[in-house]
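Colleague: Give me a 3D structure for the following:
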Amino acid sequence: MKQVATSIPAARLVVALLSGLLATPVSAEEIRHSIFIAGPSFTGIIDEAGKEIWDAGRPGARDGYQLPNGNLLIAWDSEVKEITPEHQVVFQYVRSPENREIGSVERLDDGLTLISELGARPQLLEVDRTGKMIHRIPLQPETDNAHMQTRMARKLAGGHYLVPHLLAFQVKEYSPQGQVVGAIATDLPELGGRTAENWPFTAIRLANGNTLVTLTHGSKVVEFDPKGKVAWKVSNDDLANKPFADPCGCQRLPNGNTVVASYGASRGIKLFELTPAKQLVWESNGKHRVHHFQVLTTNGKPLLGKPLK
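Modeller: Residues are numbered from 1 along each chain as shown. Presented below is the predicted three-dimensional model:
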């Protein structure tokens with residue numbers, strides 16, 4: 001099921017911040033996605049035919065979004081940039097000197113930009129358009145290994161922050177003051193315990209209160225209920241072609257399906273889509289490894305609503 005479709009102009013790859021659903025469900029044979037990819041060898045947009053139609057000009061990105069205005073907000077390990085489709089930089093933030101890496105980025109509804117930093121002073125920062133820090137939230141990753149402290153931090157609708165901590169085997173919820181007000185354990189016995197290396201990478205709070213989490217070395221995706229119990233789980237045990245290989249990025253689509261990036265896949269399936277019944281309905285075998293991503297369109301139609309990724 002390699003992608004086959006006609007090319008889509010970059011100008012149409014704009015995701016509106018409006019709630020909604022795809023108009024019509026599509027069958028496995030019809031599914032085609034255009035995707036923004038943040039990865040080690042390519043950072044840019046792939047159209048529905050699998051063609052590279054926009055290149056950021058610099059590989060190695062960790063995270064990123066296409067914004068409603070069509071610009072790309074991208075995080076590399078040393079900086080964050082907002083870039084127009086014409087490659088003009090309209091926003092830039094450079095990593096704090098005391099830290100070693102930037103882990104993630106998110107443009108917030110109030111216009112501020114949320115950035116996670118890893119290192120001697122692990123923290124979340126909300127910065128304004130000039131790069132000035134407006135809010136700082138200290139993190140508690142339980143390790144001084146900067147690269148393993150945290151990954152895809154996101155702000156929740158109520159003002160708290162959802163932060164995966166890999167070596168702590170926990171997705172922690174922080175208050176704006178930096179207090180841990182909740183935690184989801186990923187080293188549960190039914191998931192294989194700590195020996196399974198279920199390091200949480202992407203954590204997505206869903207509308208029903210559940211939290212969808214990719215577990216990298218554990219090669220699985222798990223949806224936890226508000227009490228931290230397993231509500232849904234999928235791994236290579238559920239799929240004949242065993243596409244899970246160090247899943248990092250993940251996105252829950254408006255139609256309820258889940259798209260997963262197998263970052264560890266040097267060959268074969270790099271991205272794939274699963275239904276709630278764990279049926280594989282789409283896959284991409286492109287040449288680029290994928291750290292994180294954003295599905296932009298399906299069959300020529302922009303996905304509506306803020307992307308859950």
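
Colleague: was I right about L296 contacting K309?
Modeller: No. Using CB atoms under 8 Å, L296 is not in contact with K309, being 11.3 Å away. No exception for glycine: its C-beta is placed from N, CA and C like everyone else's.

Colleague: so what's the closest residue to A75 other than its chain neighbours up against?
Modeller: Spatial nearest neighbour of A75, chain neighbours left out: V105 (3.9 Å); criterion: CB to CB, 6 or more residues apart in numbering. Residues in contact with V105 (CB atoms under 8 Å, 6 or more residues apart in numbering) are 63-65, 73-75, 80, 113-116.

Colleague: Kindly reformat those residues as a markdown table containing neighbour count and distance to L156.
Modeller: Below are those laid out as a markdown table (neighbours: other CB atoms under 10 Å; distance: CB to CB, whole Å):
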| residue | neighbour count | distance to L156 |
| --- | --- | --- |
| D63 | 28 | 17 |
| G64 | 29 | 20 |
| Y65 | 22 | 17 |
| L73 | 20 | 19 |
| I74 | 23 | 23 |
| A75 | 27 | 19 |
| V80 | 26 | 20 |
| T113 | 21 | 16 |
| L114 | 20 | 11 |
| I115 | 25 | 16 |
| S116 | 29 | 14 |
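
Colleague: residues near the nearest residue to P138 once chain neighbours are set aside, how many?
Modeller: Ranked by CB to CB, 6+ apart and with sequence neighbours excluded, the top spatial neighbour of P138 is G178, at 4.3 Å. Applying other CB atoms under 10 Å, we find 14 residues neighbouring G178.

Colleague: Return the distance of G178 relative to A185.
Modeller: 20 Å (CB to CB, to the nearest Å).

Colleague: sorry, back to before: so which of the contacts of V105 sit within strands?
Modeller: Using DSSP state E, the subset of the contacts of V105 located in strands is 63-65, 73-75, 80, 113-116.

Colleague: Dump those residues into JSON lines; add distance to G286 and pLDDT as well.
Modeller: Output for those, formatted as JSON lines (distance: CB to CB, whole Å; pLDDT from 0 to 100):
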{"residue": "D63", "distance to G286": "19", "pLDDT": "98"}
{"residue": "G64", "distance to G286": "17", "pLDDT": "98"}
{"residue": "Y65", "distance to G286": "20", "pLDDT": "98"}
{"residue": "L73", "distance to G286": "22", "pLDDT": "98"}
{"residue": "I74", "distance to G286": "19", "pLDDT": "98"}
{"residue": "A75", "distance to G286": "21", "pLDDT": "98"}
{"residue": "V80", "distance to G286": "25", "pLDDT": "98"}
{"residue": "T113", "distance to G286": "29", "pLDDT": "98"}
{"residue": "L114", "distance to G286": "29", "pLDDT": "98"}
{"residue": "I115", "distance to G286": "28", "pLDDT": "98"}
{"residue": "S116", "distance to G286": "27", "pLDDT": "98"}
